[in-house]
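Participant: Build me a model:
(one chain, ligands or ions: 1)
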Amino acid sequence: MEHPSHWSTFNHSWDYVTVNAADLLAIWEHGRQLAPLRRARLFSALEPADTRGAPLPMGASGARMLHLRRRLFGSDIAAIAHCPTCDAALELSMQVEDFLAAANDDILAATHSVDVDGRTLHFRLPTLEDLEAIDPSLPIADAQTQLLLACVSDHDRAHAIHAEAALLTEIARSDPLADPHLALSCEACDEHFTVAFDIAAFLWREIEAWSARLMADVHTIASSYGWSEAEILALTPTRRQVYLDLICA
Ligand SMILES: [Zn+2]
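Facilitator: Okay, here's the model as predicted:
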């Protein structure tokens, strides 16, 4: 069964952040003003520039977010998902590479095609920009139709409307990283279920938690030593931790 996921991070190792602390804090400050899809585009854009110039298929954006996640916090993903039947917490241990392995190498091809009712339907893969362009108040079925129509030429629209299911299946097959799901089973009640793994939302929660902790550390150090935020952020994580240990000793 399909169930909305309730992901939360836990047991995070915070010493992996390899990006300048002040820069990541600025990203957090900017990101909190953005809607989730716009934030996902920000994350995708933080990886080195794509030479193609066109909006990326969602799975390619997802791959870029995974690379960013690895650069910030490492490969190990520890998360908790809740069983939809008994609410037991399932501790999950995954790797960034597990998701990247699902990516389709063919994803950047400009057009894809599927044969439906004896006719070939050409389409491009949906992008984050396509999703952002959809009125969020639309019922899900209408939003889905609008998304599909954005991905076919005018000439193929009438055919696409009658081939929505085939088109959706082919898009999911062509771009598995666009909407990654995990198949899980609950040891407590033996329920089998799948959960969606929203890469951008997961990464955002990690950045929020990291920022909250960093600002608490800045507060503690500034209160004791009177140093400025910039001075404290410029310290290496190791030195910041030594000062925190001294303050708490
Ligand atoms: Zn269960």
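
Participant: Setting aside sequence-adjacent positions, which residue approaches A35 most closely?
Facilitator: Spatial nearest neighbour of A35, excluding adjacent residues (C-beta to C-beta, 6 or more residues apart in numbering): E132 at 7.9 Å. Just so you know, the C-beta spots here come from the backbone N, C-alpha and C atoms, and that holds for glycine as well.

Participant: how about the one you found, what does it touch?
Facilitator: 35, 37-38, 41 (C-beta atoms under 8 Å, 6 or more residues apart in numbering).

Participant: Closest to the ion out of those?
Facilitator: Closest approach to the ion among those (C-beta to the ion): L37, at 31.4 Å.

Participant: what's the spacing between the closest one and L184?
Facilitator: 26 Å (C-beta to C-beta, to the nearest Å).

Participant: Please apply the same query to A63.
Facilitator: Applying C-beta to C-beta to A63 and L184 gives a distance of 23 Å.

Participant: And the two? Which one has more around it.
Facilitator: Neighbours per residue (other C-beta atoms under 10 Å) separate A63 from L184, with A63 holding more: 23 against 17.

Participant: Helix or strand: which one has the more buried one?
Facilitator: helix 58-73 (DSSP states H and E).

Participant: Any idea how far that helix is from the middle of the chain?
Facilitator: Its chain's C-alpha centre and that of helix 58-73 lie 7 Å apart, by C-alpha atoms, centre = their mean, to the nearest Å.

Participant: Make residue 1 into 22 and carry on from there
Facilitator: Sure, I'll start numbering at 22, so the last one becomes helix 79-94.

Participant: Just give me the closest of the contacts of E153 to A131.
Facilitator: Taking C-beta to C-beta as the measure, R62 is the one of the contacts of E153 closest to A131, at 20.1 Å.

Participant: My guess is that closest one contacts D151. True?
Facilitator: No. The criterion here is C-beta atoms under 8 Å, and R62 misses it with D151 at 11.5 Å.

Participant: any idea how far L89 is from the ion?
Facilitator: Distance, L89 to the ion, by C-beta to the ion, to the nearest Å: 33 Å.

Participant: what residues are up against that residue?
Facilitator: 64-65, 67-68, 224.

Participant: before we move on, which element is L188 in?
Facilitator: With DSSP H and E as the test, L188 turns up in helix 185-195.

Participant: helices and strands around that helix, which ones?
Facilitator: strand 133-137, strand 140-144, helix 161-171 (3 or more C-beta pairs under 8 Å, 6 or more residues apart in numbering; DSSP states H and E).

Participant: what residues does the second one touch?
Facilitator: Pointing back at strand 140-144 there. With contacts defined as C-beta under 8 Å, 6+ apart, strand 140-144 is touched by 132-136, 169, 172-174, 177, 180-181, 184, 187-188, 191-192.
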